[in-house]
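Asker: Please work out how this folds:
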Amino acid sequence: MKLMKMYPSSINDRYMDEVIDKLRNGGIIIYPTDTLYAIGCNALNNQAIERICKLKGLNPQKEHLSIICHDISQASDYARIDNRAYQLLRESLPGAFTFILPASSSLPKAFKGRKTVGIRIPDNAIALEIASRLGNPIMTTSIEWDEDAPEEACDPQSIAMRYENDVDIIIDGGQGDTIPSTVIDCTDSSNPELIREGKGLLSE
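Answerer: Numbering: from 1, shown residues only. Below you'll find the model as predicted:
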């Protein structure tokens, strides 16, 4: 496991090239978002997705899988976004939201059988740069943390100690958060449903 210090305001190109190379070759990373630190992999690599699901104890057939996209244009390649949903995404993103949308057929085998996909476009330059340079989304899930020790979820050094045998790269992008994203179900875009209230605040 390699720990990389990276600043959102000044992204290290050499480190970023190494991250992208690792993802393209099936690696798993931990990286900052605008909410919790997250575990991620190339969303088009089935083996890497399976590795994360095993690490987190996720059943992809029963639980929502989410992807981080660089922008709405990239998201539209993997989710069906009608005009009403597009307007909501445009008003809210980048931001601390996960929008559940109908999945498109472009998603890999690990998503097959799933009618929906969670879309995230976080307000974090590092996460967005990864999705941009990779050229496709990052499959993403939040790190696990002890609610009795929330400071460990915010500290990259503590995260590195916990996951040193499980991931390939950890990007230290500074202090993290413990508040998750706000989840909005937009499968019926005429009637969006709040599934989980988190850090993201919808505009009035």
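Asker: Quick one: the helices in this structure, in order.
Answerer: 13-24, 46-56, 72-75, 83-92, 125-134, 151-154, 156-163 (DSSP state H).
Asker: Pick the most deeply packed of the ones you listed.
Answerer: Mean neighbour count (mean count of other C-beta atoms under 10 Å) peaks for helix 125-134 among the helices of the chain, with a mean of 20. From N, CA and C alone the C-beta is placed, and that goes for glycine too.
Asker: just how off-centre is it within its chain?
Answerer: Its chain's C-alpha centre and that of helix 125-134 lie 11 Å apart, by C-alpha atoms, centre = their mean, to the nearest Å.
Asker: which helices and strands does that helix pack with?
Answerer: helix 13-24, strand 29-31, strand 38-42, strand 66-68, strand 138-142 (3 or more C-beta pairs under 8 Å, 6 or more residues apart in numbering; DSSP states H and E).
Asker: how does it look with 7 Å?
Answerer: Counting contacts by 3 or more C-beta pairs under 7 Å, 6 or more residues apart in numbering; DSSP states H and E, helix 125-134 packs against helix 13-24, strand 29-31.
Asker: Just send the ones you listed back as CSV, with mean pLDDT too.
Answerer: Formatted as CSV, these follow (pLDDT from 0 to 100):
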stretch, mean pLDDT
helix 13-24, 97
strand 29-31, 98
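Asker: Having no further points to raise, I will conclude here.
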